[in-house]
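Trainee: next comes the sequence, and after it the predicted model I'd like to discuss.
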Amino acid sequence: MGDDVPLGALIGLLVALLLLSAFFSGSETALMSLNRYKLRHRAREGHRGAKLAEHLLQRPDRLIGLILLGNNLANFSAAALVAIIAFKLGGQPAVALGTLILTLVVLIFSEAAPKTLAALHPERLAFPAAIIYYPLLKITYPLVWLTNVASNGLLYLFGVRDSGAQSHSLSREELRTVVYEAGGRISTRYRQMLVSILDLEKVTVDDVMVPHNEIVGIDLDDETEVIEHTIAASQHTRLPVYEDNIDNVVGILHLRRLANLVQRSFDKDALKRLLEEPYFVPEGTPLSTQLVQFQRRRERIALVVDEYGDIQGIVTLEDILEEIVGEFTTDPADEEREVIREGPDSFLVSATANIRELNRAQSWDLPTDGPKTLNGLIVELLETIPDPSTCLKISGYPIEVVAVDDNRIRTVRVSRRIAEQETED
């Protein structure tokens, strides 16, 4: 039969089969290399090729069956043609040489090259290929179905089961990696905000609250003049109101409601009538949970209590939002009191400073999984209140105790991490 067909026609048909094999090989890699989330986005935008590709990938076994069917048909047909062409050109000895040459040609031009191109630019090949495969799958469905039944039956005999769970959901850590690898597509600021949102479950109200000893509030046992001065000097719009001590809170005062009071009629009884019910939350509550609770209860401030009901601090909606977007406002006086730069590699730091805030402001990496302040971190490590001039190293940061009270550390000197200095040197 081969003697009746011109040699040129056989060679042309061989080239066509090799191109067809290259198409099947490249399109398979392209479709399997598609980013499922980008594909879903393009499909929702109405891209026809993306819609068809998404539909085909819902049943990858059928798609792979179709591709393998076409690819093998093209390769086996090409092998038969090479045998005929080689026999016509050089007889029986040329057939073995033709097989070797065909193997190299298929490997390079029909496998390696198209698959590499498809892996580098999957969408360029996958979307046009999906437009071809969609009707082709309908035409060849009986044969593809029979092939899949046979292959799945063989896998079943070897103990391979299809769970039916084609889950492409990402864990929090995987999503964090996706955000970081977005690169220039997302600005550094927005990328940090997204990562901070993912970290809300790791951070608790204890990490961001104003601690018990720093709470500013109104003591009803004080004189009226003292209360008025506290209100006038307050930098907050809501203040806890208590009797005798902060553990005996009777309500929360929104300073805006004081506008309804006439100055001459201001008294403690009138003040009590303006109070809102205090909202208590347990310590250890994740910020993600507390944010939802603030929204549901329409609250903006909560008192953090321990298992005994003692108040440990105050957390506000602003504190949680600052964990996501950074500081809204900065008080230069507070910042100067907490961190004073002594030199290029040395800082004088208040030991009551919050470690998380220090890490964020100074780009440090002090441990945050234990005590919340420098004082607590150092005391926990040394298991005693150290004397002045005591030196230690925490996470690579040299720290010198500068000033100590009877029951706490007041000031420390923190030097840059040794590894950072060696890198610059």
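Mentor: Received the coordinates, thanks.

Trainee: residue ranges for the helices of the stretch 151-300 of the chain, please.
Mentor: In the stretch 151-300 of the chain, the segments counted as helices under DSSP state H, counting those that start in this stretch are 172-181, 188-198, 205-208, 224-233, 268-273, 287-297.

Trainee: show residues contacting stretch 290-303.
Mentor: With contacts defined as C-beta atoms under 8 Å, 6 or more residues apart in numbering, stretch 290-303 is touched by 200, 205, 238, 240, 249, 252, 278-281, 285, 311, 313-318, 320. Every residue, glycine included, has its C-beta placed from N, CA and C.

Trainee: return the distance of it from the chain's centre.
Mentor: Relative to the mean C-alpha coordinate of its chain, stretch 290-303 is positioned 24 Å out (C-alpha atoms, centre = their mean, to the nearest Å).

Trainee: and it, what's buried?
Mentor: The neighbour-count check on stretch 290-303 (16 or more other C-beta atoms under 10 Å) flags Gln290, Leu291, Phe294, Glu299, Ile301, Ala302, Leu303 as buried.

Trainee: name the nearest of the residues you listed relative to Arg40.
Mentor: Nearest to Arg40 among those is Leu291, at 27.7 Å by C-beta to C-beta.

Trainee: against Ser196, how distant is the closest one?
Mentor: Using C-beta to C-beta, to the nearest Å, Leu291 is found at 12 Å from Ser196.

Trainee: any stretches of the stretch 251-400 of the chain with poor pLDDT?
Mentor: Applying pLDDT under 70 to the stretch 251-400 of the chain picks out residues 259-266, 328-337.

Trainee: do a quick rundown of the strands in it.
Mentor: 280-282, 301-305, 311-316, 339-343, 346-350, 391-394, 397-404 (DSSP state E, counting those that start in this stretch).

Trainee: contacts for the first one, please.
Mentor: Read it as strand 280-282. Counting by C-beta under 8 Å, 6+ apart, Val205, Gln290, Gln293, Ala302, Leu303, Val304, Val305, Asp306, Glu307, Val315 sit against strand 280-282.

Trainee: look up which residues are beta-bridged to the fourth one.
Mentor: Read it as Ala302. As for beta bridges, Ala302 partners with Val315 under DSSP bridges.

Trainee: list the contacts of the residue most central in space within the chain.
Mentor: Closest to where the C-alpha atoms of the chain average out (C-alpha atoms, centre = their mean) is Arg176, at 2.2 Å. Residues near Arg176 by C-beta under 8 Å, 6+ apart: Val195, Leu198.

Trainee: also Leu366?
Mentor: Ile355, Leu358, Asn359, Leu374, Leu377, Ile394, Ser395, Tyr397 are the contacts of Leu366 under C-beta under 8 Å, 6+ apart.

Trainee: among the residues you listed, who's most crowded?
Mentor: Leu374 (24 neighbours; other C-beta atoms under 10 Å).

Trainee: partners of the nearest residue to Pro278 once chain neighbours are set aside in the sheet?
Mentor: Distances taken as C-beta to C-beta, 6 or more residues apart in numbering put Val249 closest to Pro278, at 5.0 Å, once the chain neighbours are dropped. Judged by DSSP bridges, the bridge partners of Val249 are Tyr242.

Trainee: isn't Val249 right up against Asp310?
Mentor: No - at 11.2 Å, Val249 does not count as touching Asp310 under the criterion of C-beta atoms under 8 Å.
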